[in-house]
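S.K.: predicted model and sequence follow; I will ask about them next.
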Amino acid sequence: MHKASEGKRSRNVYAARKSTELKNRFGGAWFELGTAEWCNGSGNKAGALNAFEKARGDRSWRKMAEYEICLLYTSD
């Protein structure tokens, strides 16, 4: 991963983690964390999967989280 991209990913992960700390049950924060962790396939797959699983607990975000989980399982 390019150094600038890694820096941006780190900032995005940090911001999303702060959101989950502020509102632990808000699926949107967990969804954003999963997206930041995965970073278009070049990031932390296990971290993204964990965050999407937590997002799945919020019924407003469940379908989107399940879609992303499916993508993670089908990616190499």
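M.R.: It's in.

S.K.: Ala48: neighbouring residues, count only.
M.R.: For Ala48, the number of neighbouring residues by other C-beta atoms under 10 Å comes to 23. Quick note: C-beta positions are derived from backbone N, CA and C, even for glycine.

S.K.: and the helix or strand where Tyr67 lies, what other elements does it pack with?
M.R.: For Tyr67, the host element (DSSP states H and E) is helix 62-74. With contacts taken as 3 or more C-beta pairs under 8 Å, 6 or more residues apart in numbering; DSSP states H and E, helix 62-74 sits against helix 27-38, helix 45-55.

S.K.: now that helix: buried residues?
M.R.: 64-65, 68-69, 72 (16 or more other C-beta atoms under 10 Å).

S.K.: including pLDDT and distance to Lys23, could these go into TSV?
M.R.: Formatted as TSV, the buried residues of helix 62-74 follow (pLDDT from 0 to 100; distance: C-beta to C-beta, whole Å):
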residue	pLDDT	distance to Lys23
Met64	98	17
Ala65	98	16
Glu68	96	19
Ile69	97	21
Leu72	94	23
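
S.K.: most widely separated two among these?
M.R.: Met64 and Leu72 (12.9 Å; C-beta to C-beta).

S.K.: related to what we said a few turns ago, what's the angle from the helix holding Tyr67 to helix 45-55?
M.R.: 160 degrees (axes from the mean of the first three to the mean of the last three C-alpha atoms, to 10 degrees).

S.K.: of the buried residues of helix 62-74, just say which sits nearest to Asn24.
M.R.: Out of those, the member with the shortest distance to Asn24 (by C-beta to C-beta) is Ala65, at 15.4 Å.

S.K.: how many other residues sit next to Thr35?
M.R.: With other C-beta under 10 Å as criterion, Thr35 counts 20.

S.K.: and if you look at Phe26?
M.R.: Phe26 has 17 nearby residues by other C-beta under 10 Å.

S.K.: could you find the closest non-adjacent residue to it?
M.R.: Excluding its sequence neighbours, the residue lying closest to Phe26 (C-beta to C-beta, 6 or more residues apart in numbering) is Asp58, at 6.6 Å.
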